[in-house]
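A.B. asks: make a model of this:
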Amino acid sequence: MSRIVVSGCLLGIPCRYDGKSCPNERVLKLAEKHTLIPVCPEQNGGLSTPRPPAEIIEGKVINKLGTDVSEQYLRGAEIALHVAELNHADAVLLKAKSPSCGKGRIYDGTFSGTLIPGNGTAASLFLKNRYPVFNEEEIDLLEAALIDKEDSNR
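C.D. replies: As a prediction, this is how the structure comes out:
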């Protein structure tokens, strides 16, 4: 049984910036075969829920009110990494497009809904520390990676 760190909002925890969650049935189904460990880097970093939306602009995380919240995002990413390390996580499954959890594509900082190549703060830290990182659009890839890992451990 693999251990997967998962963005809490994907598990139905109302921790998104708007105070809502975005439960994903395929993510929830992973609990049948794997241990899921919820994290919310934004909350862990000290931000309230709800909170103003934020995007990454020139390497800093700025909320829609113009406040630099980079410190909270970085602290939350470090806490999420610590949770993964304590639990000997095998993989990380994060919310797509988020300024903390997004992997591969994030919003461009204009609050217009435009996506650009990039990673959120937590996704970047997990990748830097060599964790396999996926988003909810890559569950097939996650499952294949976990099967490969189990096969190599036999």
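A.B. asks: which residues does the spatially closest residue to I62 that is not a sequence neighbour contact?
C.D. replies: Spatial nearest neighbour of I62, chain neighbours left out: D68 (5.7 Å); criterion: C-beta to C-beta, 6 or more residues apart in numbering. To be clear about C-beta, it is placed using only N, CA and C from the backbone, and glycine gets the same treatment. Counting by C-beta atoms under 8 Å, 6 or more residues apart in numbering, D68 makes contact with 60-62.
A.B. asks: which of those lies closest to Y73?
C.D. replies: Closest approach to Y73 among the contacts of D68 (C-beta to C-beta): V61, at 4.5 Å.
A.B. asks: hang on, the closest one in a helix?
C.D. replies: No - under DSSP: H, G, I helix; E, B strand; the rest coil, V61 falls outside any helix and is assigned strand.
A.B. asks: surely it touches P99?
C.D. replies: Yes - look at V61 against P99 with C-beta atoms under 8 Å: they come within range, at 5.4 Å.
A.B. asks: which one of the contacts of D68 is nearest P132?
C.D. replies: Closest to P132, out of all of the contacts of D68 and judged by C-beta to C-beta, is V61, at 23.9 Å.
A.B. asks: and the pLDDT at that closest one?
C.D. replies: If you check V61, the pLDDT there is 98.
A.B. asks: can you tell me the SS state at the nearest residue to G46 once chain neighbours are set aside?
C.D. replies: In this structure, G46 finds its nearest non-sequential neighbour in Q72, 5.0 Å apart by C-beta to C-beta, 6+ apart. Secondary structure state of Q72, per three-state DSSP, is helix.
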